[in-house]
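Colleague: Got a sequence here, can you model it:
(one chain, ligands or ions: 2)
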Amino acid sequence: MILKAENVRKAFEQVGPDGNPEKLEILKGVSLTVDKPETVAIMGRSGCGKSTFISLLAGLDAPSSGEIEILSKKLAQFSDRDLNAFRARHIGIVFQQFHLLDHLTAFENVRLPLDLNRVADPDARAREMLEKVGLGHRADHFPDTMSRGECQRVAIARVLVMRPEILLADEPTGSLDVKTGRDVIDLIFKLAETEKLALVMATHDPKVAERCGRLLYMDSGVLGTERPAAFG
Ligand SMILES: Nc1ncnc2c1ncn2[C@@H]1O[C@H](COP(=O)(O)OP(=O)(O)OP(=O)(O)O)[C@@H](O)[C@H]1O
Ligand SMILES: [Mg+2]
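Modeller: Residues are numbered from 1 along each chain as shown. Ligands and ions are numbered 1, 2, ... in the order given. Down below sits the predicted model:
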């Protein structure tokens, strides 16, 4: 088993119109099992909870109830420190924003997780990964001298250099133009195959979603295969 979410609920506290706290129930019993390297798309209207669910899968936030298991380990059982260490090795996350460190070169950005996690042979691994995303020739360039598409490639290399089993992507092309976005998506699918990743991706792009092995819709707080009637 690679990833399992079981009856996951998530509610946020909000200040209501009368000034009193009110509970905002976003996820109302979401379940998902991925037990082999495969690609899963999650679609759904804005605000339905896709990013919320992705952050729970990554262990960046905890569910109000229900359980997340990654590689047969319950995330709730980890201490913060152990969870961070586990995430670093097994879960890659790509966002709409690149979150690169501006004062580091492309190569140094990619090498950073290897250094932080004391992985052997960081230079060779970082160089190899940069080449896999087609940026071997830009190794010494800083993010502000690179295009947005190139920055997203560096971000992908930085995430995959740790050789995670799982790649979570939250609208990875959301800040790219159509052509650049398509190239980045091609790269993500290629790497999902060569690196044998389980890919779970939230997207608003039906063309991207259709390329995934499974297409799920988030609607009314649950995840299902049925396309919601009121959906685009
Ligand atoms: N920390 C938080 N506190 C309060 N409300 C939150 C918090 N995080 C998310 N929400 C609310 O939860 C709902 C779901 O947000 P989420 O970002 O998961 O939606 P989404 O499906 O990713 O939307 P989009 O397609 O626009 O990215 C929204 O109404 C949002 O305002
Ligand atoms: Mg979102």
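Colleague: longest helix of the chain?
Modeller: When the chain is parsed with DSSP state H, its longest helix is helix 178-194.
Colleague: Check which helices and strands it sits against.
Modeller: helix 148-160, strand 166-170, strand 198-202 (3 or more Cβ pairs under 8 Å, 6 or more residues apart in numbering; DSSP states H and E). (Glycine included, C-beta is placed from N, CA and C.)
Colleague: Could you give the number of residues near residue 87?
Modeller: Residues lying near residue 87 (other Cβ atoms under 10 Å) number 20.
Colleague: and what of residue 226?
Modeller: 10.
Colleague: Name the residues that touch the longest helix of the chain?
Modeller: Contacts with helix 178-194, where a contact means Cβ atoms under 8 Å, 6 or more residues apart in numbering, come from 37, 39, 94, 132-134, 147-149, 152-153, 156, 160, 167, 169, 172-173, 176, 197, 199, 201, 205, 208, 211.
Colleague: Please check the residues you listed and keep the buried ones.
Modeller: 37, 39, 94, 132-133, 148-149, 152-153, 156, 160, 167, 169, 172-173, 176, 197, 199, 201, 205, 208, 211 (16 or more other Cβ atoms under 10 Å).
Colleague: Quick one: name the residues of the chain near ligand 2.
Modeller: Contact residues (Cβ under 5 Å from the ion) of the chain with ligand 2: 50, 51.
Colleague: And the residue of the chain closest to ligand 2?
Modeller: residue 51 (3.1 Å; Cβ to the ion).
Colleague: which residue packs closest to that residue, ignoring adjacent ones?
Modeller: The shortest distance from residue 51 to any non-neighbouring residue, by Cβ to Cβ, 6 or more residues apart in numbering, is to residue 170 (5.4 Å).
Colleague: in terms of contact, does that neighbour touch residue 92 like I think?
Modeller: No. The pair residue 170 and residue 92 fails to qualify as a contact (Cβ atoms under 8 Å) at a distance of 11.8 Å.
Colleague: if I pick residue 64, what's in contact with it?
Modeller: Residue 64 is in contact with 9, 10, 11, counting by Cβ under 8 Å, 6+ apart.
Colleague: Just the pLDDT at it, thanks.
Modeller: Note for residue 64: predicted pLDDT of 97.
Colleague: Over to residue 232?
Modeller: 62.
Colleague: And for residue 17?
Modeller: 88.
Colleague: tell me the secondary structure for it?
Modeller: coil (DSSP: H, G, I helix; E, B strand; the rest coil).
Colleague: do the same with the one 5 residues further on
Modeller: In three-state terms, and counting by three-state DSSP, residue 22 is strand.
Colleague: Kindly report the residues of the chain close to ligand 1.
Modeller: 12, 14, 24, 26, 44, 46, 47, 48, 49, 50, 51, 52 (Cβ under 6 Å from any ligand atom).
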